[in-house]
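Participant: Predicted model and sequence below, questions to follow.
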Amino acid sequence: MDASDWNARYLAQPDVWGTTPAARIVSEVTSAEDAGLSVGTAIDLACGDGRHARWLAAHGWRVQAVDFSEVAIEQARAKDSDDGRSGSVEWVVGDATTWAPSDPVDLVVIGFLHLRLDTLARVLGDVGGWLRPGGHLVYLGHAAENLSRGVGGPQDPTVLPGIADLARGAEGLEVVSLRHDLRPAGKATAVDVLLHARSWVRR
């Protein structure tokens, strides 16, 4: 799907993903903070209508939230509020395959970005280069195994990563966790895949 397809989808169904951030992304970011990651600058890449960016900002992060759908970014801005919040969000229209930040960051979150597998591995490799020493990357997506063992998500196997695909993208990073994640989906179970990595620091 290109940006015009996603624009049409967001126009037809606002809040298509709901407003609650993915529980696994929340838990991975929280565990990184507990392990010493300082709250600072973050990127929510392929942010959609911003559920993860808003959660990060509510917890003090300064976030650049990037998506190639102008409609998604417009909807995200409309939902945004800084009431009682210590962080901030800059909403950016940009293509996840070509956009890059101007400065290194402490955290990159990528929720359910599905690209051709070689492109996804390249994007993850690029993202690794955006991190400050000790910065973290968290990617969560529908797994290749979801086609046969789970429910929902894309039905195109060419955009569904397996463990090995994410491992290629994490080359050069310190892998914190790389695994399948089983998620309740109504009466069924969805099979996601998680990569949590960080840039190396001198020890």
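Facilitator: Everything's here; your move.
Participant: Would you agree Thr189 falls within a strand?
Facilitator: Yes - with DSSP: H, G, I helix; E, B strand; the rest coil as the criterion, Thr189 is part of a strand.
Participant: Against Ala190, how distant is the nearest residue to it once chain neighbours are set aside?
Facilitator: For Thr189, ignoring the flanking residues on the chain, the nearest one in space by C-beta to C-beta, 6 or more residues apart in numbering is Leu182 at 5.3 Å. All C-beta spots, glycine's among them, are computed from the backbone N, C-alpha and C. Leu182 sits 7 Å away from Ala190, going by C-beta to C-beta, to the nearest Å.
Participant: Can you tell me the number of residues neighbouring Val159?
Facilitator: Other residues lying near Val159 total 19 when counted by other C-beta atoms under 10 Å.
Participant: I'd guessed it sits against Leu115; true?
Facilitator: Yes - the pair Val159 and Leu115 qualifies as a contact (C-beta atoms under 8 Å) at a distance of 6.1 Å.
Participant: Leu182 and Ala190: who's more crowded?
Facilitator: Neighbour comparison, Leu182 and Ala190: the larger count goes to Ala190, with 18 against 12 (by other C-beta under 10 Å).
Participant: so what does the lowest-mean-pLDDT helix or strand in the chain touch, helix or strand wise?
Facilitator: Sorted by mean pLDDT, DSSP states H and E, the helices and strands of the chain end with helix 3-12, the least confident at a mean of 82. Using 3 or more C-beta pairs under 8 Å, 6 or more residues apart in numbering; DSSP states H and E as the contact criterion, the neighbours of helix 3-12 among helices and strands are helix 70-79.
Participant: starting at the chain centroid, how far to the helix it packs on?
Facilitator: Computed by C-alpha atoms, centre = their mean, to the nearest Å, the chain-centroid distance of helix 70-79 equals 17 Å.
Participant: ok, now stretch 134-154?
Facilitator: Going by C-alpha atoms, centre = their mean, the spacing between the C-alpha centre of stretch 134-154 and its chain's C-alpha centre is 11 Å.
Participant: Likewise for stretch 194-203?
Facilitator: The gap between the average C-alpha position of stretch 194-203 and the chain average comes to 16 Å, counting by C-alpha atoms, centre = their mean.
Participant: can you dump the C-alpha coordinates of it into PDB?
Facilitator: Extracted as PDB, the C-alpha positions of stretch 194-203 are listed here (Å, rounded to 0.1, in the frame of the first residue of the first chain):
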ATOM      1  CA  LEU A 194       9.700  -8.600  18.600                       C
ATOM      2  CA  LEU A 195      13.200  -7.100  18.200                       C
ATOM      3  CA  HIS A 196      14.700  -5.100  21.100                       C
ATOM      4  CA  ALA A 197      18.200  -4.000  20.500                       C
ATOM      5  CA  ARG A 198      20.600  -1.300  21.600                       C
ATOM      6  CA  SER A 199      23.700   0.300  20.300                       C
ATOM      7  CA  TRP A 200      26.900  -0.900  21.900                       C
ATOM      8  CA  VAL A 201      28.600   1.000  24.700                       C
ATOM      9  CA  ARG A 202      32.100   0.700  26.000                       C
ATOM     10  CA  ARG A 203      32.200  -1.500  29.100                       C
END
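Participant: Pull out the buried residues from that stretch.
Facilitator: By neighbour count, with 16 or more other C-beta atoms under 10 Å as the criterion, the buried positions of stretch 194-203 are Leu194, Leu195, His196, Ala197, Arg198, Ser199.
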